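*Asks:* got a sequence here, can you model it:
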Amino acid sequence: MEQAPIQHNESVEMLAALLHHTVAETRLRELASVLLPNADNHLSKADLVDRIVATQAWPEILDSIQINDFRVCSECGALMHEGYCCDMGYKYYCSDSCLCHDFTPEEWALECQQEPQSYWTDWFEYYDLYKVADSSF
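*Replies:* Residues are numbered from 1 along each chain as shown. Model (predicted):
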């Protein structure tokens, strides 16, 4: 099965910056050994990050490094740092078009009214990734 091209969006760029600037190289090498078993052991940290992100194995990446500021869209599989949360995380939607696969605007409004754990949000609570990306370590 051919892998879909990587989705270059703001969330992917933020995750790459976070991996590069906050995750130890040894941890990245451990993750790469799982996701990229045939990868060259002499890759630079930047190349490791690029290759890990290119796998688009979002659940595995996020679980492995315990980053809680991203979700995966239930409809299209895109990595997301903001979007719709349905029923306390039962499903996530990155955009209006993905949400509309399961809800009309009226149905979503009713869902939010009846279920207080259905809402739009972002998951960045603890740090500003733009500062992380601009800092040097």
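
*Asks:* from now on I want contacts and neighbour counts done on CA atoms only, so please keep to that.
*Replies:* Noted.

*Asks:* okay, now the domains of this protein?
*Replies:* Partitioning the chain according to automatic domain parsing yields domains covering residues 10-71+129-134, 72-122.

*Asks:* what would the ones you listed look like in a markdown table with mean pLDDT and mean neighbour count?
*Replies:* Output for those, formatted as a markdown table (pLDDT from 0 to 100; neighbours: other CA atoms under 10 Å):
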| stretch | mean pLDDT | mean neighbour count |
| --- | --- | --- |
| domain 10-71+129-134 | 82 | 16 |
| domain 72-122 | 93 | 17 |
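
*Asks:* and the host helix or strand of residue 21, what does it pack onto?
*Replies:* Element membership of residue 21 [criterion: DSSP states H and E] is helix 10-22. For helix 10-22, the elements it packs on are helix 45-54, strand 79-80, helix 129-134, judged by 3 or more CA pairs under 8 Å, 6 or more residues apart in numbering; DSSP states H and E.

*Asks:* moving C-terminal of the shortest one, what's the next helix or strand?
*Replies:* Proceeding C-terminally, strand 79-80 gives way to strand 82-86 as the next helix or strand, assigned by DSSP H and E.
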